[in-house]
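predicted model and sequence below, questions to follow.
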Amino acid sequence: MAVDTTEAAEAARQAMGGIGVSLARKEDARFIHGQGHYVDDVVLPGMLHMVVVRSPHAHARIRGIDSSAAMAIPGVIAVVTGELLAQHKLAWMPTLSGDTQAVLATDKVRFQGQEVACVIAETKYIAEDAAALVSVDYEPLQAVTTPQQALEPGAPVIRDEKEGKTDNKIYHWEAGDAAATDAAFARAAKVVKLSTYYPRCHPSPLETCGCVADLDPVTGNATIYMTSQAPHAHRTLFAIVAGLPEEKIRIISPDLGGGFGNKVPIYPGYVVATAASLLIGRPVKWVEDRTENLISTGFARDYYMDGEMALDENGKFIGLRAHLLSDNGAFFADAQPTKFKAGLFHIVTGSYDIPAAHIVADGAYTNKAPGGVAYRCSFRVTEASYLIERLVENIAVELGQDPVTTRLNNFIPPEAFPYHSAAGFDYDSGDYPRAMRVALDMLGYDELRKEQAEKRARGELMGIGVASFTEVVGAGKGKDYDIAGLRMFDSAELRIHPTGKGILKLGVKSQGQGHETTFAQIVAEELGIPASDIEVREGDTDNTPFGLGTYASRSTPVGGAATAVVARKLRDKGKLIAAHLFEADVADIEFDHGKYSVKGSPDNVKTIQDIAFAAYTNLPEGLEAGLEGVTYYDPPNMTFPFGTYMVVVDIDKGTGQVKVRRMVAVDDCGVRINPMIVEGQIHGGLTEGFGIAFMELITFDDEGNCIGSNFMDYLIPTAWETPRFELGATVTPSPHHPIGAKGVGESATVGSPAAYVNAVIDALSHLGITNIDMPVTSDKVWAALRSKGVTE
Amino acid sequence: MKITVNMNGAERSAEAEPRTLLVDFIRTKLGMTGTHIGCDTSNCGACTVLLDGRPVKSCTVLAVQAEGRNVTTVEGLATGGKLHPIQEGFHAEHGLQCGFCTPGMMLVGAALIESNPHPTEDEIRWGISGNICRCTGYMNIVKAIQHAAAANAAEKTAGVA
């Protein structure tokens, strides 16, 4: 009997689909039928096609553009140049980081792949043909391809269009306390340093960027279907950039084929397609190809990092310094909280109790594509996590200590939360030793260390890598965090219809994260309406409340909180209606998972569906009709997800080939709304982290030619290389989040690269090899082994 | 020129230039958008369709090469309102996130279990290694294909009984 009750309760829980249920995804149906609706699937009557003519040079003056041959092709409608845009004051646009960016180059080109002209034609094939015939007369200039070159005296000035600009500096930014950190280093028993380069990589969502701009010349309405992770912010920026009245602009971000931060910036193609549609009076589609995506849109990292840790005589961390140099390309164009030029890099103290820290960051222009903060990373948190976790590995090597011991000796203790970090963050919650213990058990750490010792005695190379990351995600609060002035709150509008089913509209925007399921589950939990009865809508600015969008793992921390809060508002209004129906005092109304009752009479219930019907049919005197509400949630703090990842590698001495044998990932993202979706996010992040650690690289030759401009050169892991992951979990709720959840979308990309590389270093450090920069390819490992005389 | 293919069991024709890629023919001439374009260099597999039952990357096949042949796209997987086991598998095992690689992955998976009804994990991983997924890390795609293989096997056993 008791078993039956439990089973019944479990069945009811599954049917409701509230928090903690691995509900199969509501959005799957359209995708498995091939009925997803992506930007390139949008076809409008009379639609034209746009192709961008791009610069073959990294740095060159434009002497002239001849588009006559292109215009002569039948079916070509227009060739748009910077000169034409300049007549409409559209040749330059503001960026999300307070800089400016050329929409189409007028004076000179500043990176290979930069937008120079656009061909508009009846078909894409015609537009491609014509684009090849646009003749641009270039005078090549010396290219600057590294930030070090850029900051040398006498380096060519890339942004010479800026009045008074005589160098390539973008910003200088500091965090922490220089004096306290200097004092810590002055009394240090030991200092361990690490210089490392986090190479340029690229988010490369499988769907590239694009738009269909449809401006109605009669009504003035501008509907722009766009690959946008932040449609509301983009609407406002379009209003500012293009001078269009905001009430006439409707951004529709349809299904997105991945984003990973690549679809946050505003790209010139969007602007030109919109301008072209306005000028021509027909819809214009622009969808970039893969090479265009790789060579011109928001890349990630390209970050030079020097870290040093001061230790006392017991091996305790007492001070941390980091000097950073970022290559932001030719325009400072990625999305960045205004006050934080190096993003949230100052999370670099990580999971450790370090009393003093000082971070100095400089940014430089180069003749490379603009970007920097994208790729599943909450604003430079990935670089910070990599630096501290790699540094801790090297500290362990220097101390002759097990890296687990070094970490356990220096973790912020669980009882120290909430914890104020030396660089200025207030960590909400954490239990780092617990996640470490779970990972050690899952891996069978001690046995593997024994195996490693035996193998090492035989001359075989095996390594165990550890990383215990802490992230900061879920911006704002709005007072401190804004993008282009827009405060980083987010929103939820919930409408419960008379039949007790509802629709939830959000300011965030899924790119595959499963919002249509997860956010319905929050409503199910809060109101007791089955998740299957809640439709979730996102991405259409006419039909959703204003929000800052989905990136930096902020949807659940901010949009999820907004959802819980708006559901609670409706729950409270429901109490007023219930009191009316029961003829009782509202103070005596109780609510439990969708059932209202009067205190002391738990068996006489009105369901949330009864209440919803009454909200439109039988209201108390003086109460507004309806069961609808909207919330704009400004988080009181960020959330701080964490975890411990462990990797086992075997390395072939003769070839330098690294094989990942095991990957154990223990994540703590607070309360898990849909554990299946959370695990899917972690799988994806671990794979992208694996790609970054071992394969993915965008590099340039001395002339600024991009190498890594297609999927033959920019290597993305397939199922064959990708390790098999073993996942574990601990749950430390966020104390300030309404349902105790933290962000998780980026944890695995943030935490895993250091774990993979630490495993390689763990295999090689006894030979005196203490750093190999990513991607850790076989040839680099082989060269390192050869330098130590281990292989021929 | 006029090109005719047997698309998901029905004859479909359209006018197209000889240089038209099969993927463009399917998407723009036939208006079926379930087949996607991800890379242009045959690396990603988002454009995978079945040509006479075998997976091909339709960005690397000319439409004229498909003249008179059987083409299966994601739209042809479900029959008579019933999901193909591979579709069931992807849904049940959370084998998709953004959905962009999904049509190609499902077609490769369907062809794989057609030719090898009981694939090992390594055979599945090798079999789908021409298709890139950026979201899932492949763990659940492997499970989805195993799920479909098991469902197929169960159905065949039931049929015999």
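Sure, I can see it. Numbering: from 1, shown residues only, chains lettered A, B, ... in the order given.

C-alpha only now, for contacts and for neighbours.
Fine.

point out where the stretch 251-400 of chain A drops to low pLDDT.
In the predicted model, the stretch 251-400 of chain A carries no residue with pLDDT under 70.

for chain B, same thing?
The model of chain B has pLDDT under 70 over residues B:160-161.

now do the strands in it.
B:2-7, B:10-15, B:48-51, B:54-57, B:70-72 (DSSP state E).

torsion angles phi and psi at A:Ser601?
phi -130, psi 60 (degrees, to the nearest 10).

ditto for A:Ile769
Residue torsions, per degrees, to the nearest 10, at A:Ile769 are phi -100, psi 110.

got the strands of chain B as CSV, with mean neighbour count and distance to B:Ile26 columns?
Output for the strands of chain B, formatted as CSV (neighbours: other CA atoms under 10 Å in any protein chain shown; distance: least, CA to CA, whole Å):
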stretch, mean neighbour count, distance to B:Ile26
strand B:2-7, 18, 9
strand B:10-15, 14, 10
strand B:48-51, 26, 10
strand B:54-57, 21, 12
strand B:70-72, 21, 10
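
so for B:Thr157, which of those sits nearest?
Smallest distance to B:Thr157 across these (CA to CA): 25.3 Å, for strand B:54-57.

give the pairing partners of that closest one; include direction for each.
Here strand B:54-57 has these sheet partners by DSSP bridges: strand B:48-51 (antiparallel).

not counting sequence-adjacent ones, nearest residue to A:Thr123?
Counting by CA to CA, 6 or more residues apart in numbering or on different chains, A:Thr123 lies nearest to A:His49, which is 5.6 Å off, once chain neighbours are set aside.

for that neighbour, give me its contacts.
When contacts are counted by CA atoms under 8 Å, 6 or more residues apart in numbering or on different chains, A:His49 touches A:Ile120, A:Ala121, A:Glu122, A:Thr123, A:Lys124, A:Ala127, A:Val284, A:Lys285, A:Trp286.

let's go with 6 Å and repeat that
For A:His49, the contacting residues are A:Ile120, A:Ala121, A:Thr123, A:Lys124, A:Val284, A:Lys285, by CA atoms under 6 Å, 6 or more residues apart in numbering or on different chains.

before we move on, what about A:His232?
A:Thr541, A:Phe546.

minimum distance to A:Ala475: which of the strands of chain B has it?
Closest to A:Ala475 of these is strand B:48-51 (CA to CA; 39.1 Å).

any idea how far that closest one is from the chain center?
From the chain centre to the centre of strand B:48-51 is a distance of 6 Å (CA atoms, centre = their mean, to the nearest Å).

just stretch A:768-788 next, same as before
30 Å.

contacts for it next, please.
A:Thr655, A:Gly656, A:Gln657, A:Ala693, A:Phe694, A:Met695, A:Ile761, A:Thr791, A:Glu792.

quick one: the residue of chain A most remote from its centre from A:Ile158, how far?
Distance from the centre of chain A peaks at A:Glu583, with 50.8 Å (CA atoms, centre = their mean). Counting by CA to CA, to the nearest Å, the gap from A:Glu583 to A:Ile158 is 74 Å.

so where's the longest helix in chain B?
Identified as the longest helix of chain B according to DSSP state H is helix B:139-160.

check which helices and strands it sits against.
helix B:85-92 (3 or more CA pairs under 6 Å, 6 or more residues apart in numbering or on different chains; DSSP states H and E).

who in the stretch 101-250 of chain A is up against chain B?
A:Leu206, A:Glu207 (CA under 6 Å from any CA of the partner chain).

the helices in the stretch 101-250 of chain A, which residues?
Shown for the stretch 101-250 of chain A, the helices assigned by DSSP state H, counting those that start in this stretch span residues A:124-131, A:147-151, A:178-186, A:231-242.

switch the ones you listed over to TSV; also include mean pLDDT.
Formatted as TSV, the helices of the stretch 101-250 of chain A follow (pLDDT from 0 to 100):
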stretch	mean pLDDT
helix A:124-131	98
helix A:147-151	98
helix A:178-186	98
helix A:231-242	92
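
outline the domain layout of chain A.
Chain A is divided into the following domains under automatic domain parsing: A:2-36+A:490-633, A:39-141+A:208-255+A:263-296, A:383-474+A:640-787.

so which of these is nearest B:Gln97?
Short answer: domain A:2-36+A:490-633, nearest of those by CA to CA, at 4.4 Å.

the closest one: how far from the chain's middle?
27 Å.

please apply the same query to stretch A:79-93.
Distance, centroid of stretch A:79-93 to centroid of chain: 31 Å (CA atoms, centre = their mean).

same question, stretch A:197-215
12 Å.

now do the buried residues in stretch A:596-613.
Within stretch A:596-613, the residues that count as buried by 16 or more other CA atoms under 10 Å in any protein chain shown are A:Tyr596, A:Ser597, A:Val598, A:Val605, A:Lys606, A:Thr607, A:Ile608, A:Gln609, A:Asp610, A:Ile611, A:Ala612, A:Phe613.

for chain A, give me its nearest residue in chain B.
Closest approach between chain B and chain A, counting by CA to the nearest CA: B:Cys98, at 3.6 Å.

what's around that residue, how many residues?
27 (other CA atoms under 10 Å in any protein chain shown).

what does chain B put close to chain A?
B:33-34, B:38-39, B:74-75, B:87, B:97-100, B:125-126, B:129, B:132, B:135-138.

re earlier: what about the residue nearest to A:Thr123, distance to A:Ser277?
A:His49 is 10 Å from A:Ser277, by CA to CA.

same check on A:Gly751?
From A:Gly751 to A:Ser277 the distance is 44 Å (CA to CA).

looking at these two, which is more packed in?
A:Gly751 (32 against 24).

what sits against A:Lys509?
Counted by CA under 6 Å, 6+ apart, A:Lys509 has contacts A:Gln229, A:Glu538, A:Gly539, A:Gly549, A:Thr550.

returning to what we had before: buried residues in the longest helix of chain B, which are they?
B:139-152.

same deal with stretch A:494-514?
A:494-498, A:500-514.

and the average pLDDT for that stretch is what?
Average pLDDT, stretch A:494-514: 98.

may I have that stretch exported as PDB, CA atoms only?
Extracted in PDB, the C-alpha atoms of stretch A:494-514 (Å, rounded to 0.1, in the frame of the first residue of the first chain):
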ATOM      1  CA  LEU A 494       2.600  35.100 -17.500                       C
ATOM      2  CA  ARG A 495      -1.000  34.900 -18.600                       C
ATOM      3  CA  ILE A 496      -3.200  32.100 -17.200                       C
ATOM      4  CA  HIS A 497      -6.300  31.700 -19.400                       C
ATOM      5  CA  PRO A 498      -9.800  31.000 -18.200                       C
ATOM      6  CA  THR A 499      -9.400  27.300 -18.800                       C
ATOM      7  CA  GLY A 500      -6.400  27.200 -16.500                       C
ATOM      8  CA  LYS A 501      -3.800  26.800 -19.200                       C
ATOM      9  CA  GLY A 502      -1.300  29.600 -19.800                       C
ATOM     10  CA  ILE A 503       1.400  31.300 -21.800                       C
ATOM     11  CA  LEU A 504       4.700  32.500 -20.600                       C
ATOM     12  CA  LYS A 505       6.600  35.200 -22.500                       C
ATOM     13  CA  LEU A 506      10.200  35.900 -21.800                       C
ATOM     14  CA  GLY A 507      12.900  38.500 -22.500                       C
ATOM     15  CA  VAL A 508      15.600  35.800 -22.800                       C
ATOM     16  CA  LYS A 509      16.000  33.700 -26.000                       C
ATOM     17  CA  SER A 510      16.900  30.000 -26.300                       C
ATOM     18  CA  GLN A 511      19.500  28.800 -28.800                       C
ATOM     19  CA  GLY A 512      18.900  25.100 -27.900                       C
ATOM     20  CA  GLN A 513      18.900  25.300 -24.100                       C
ATOM     21  CA  GLY A 514      15.400  24.000 -23.800                       C
END
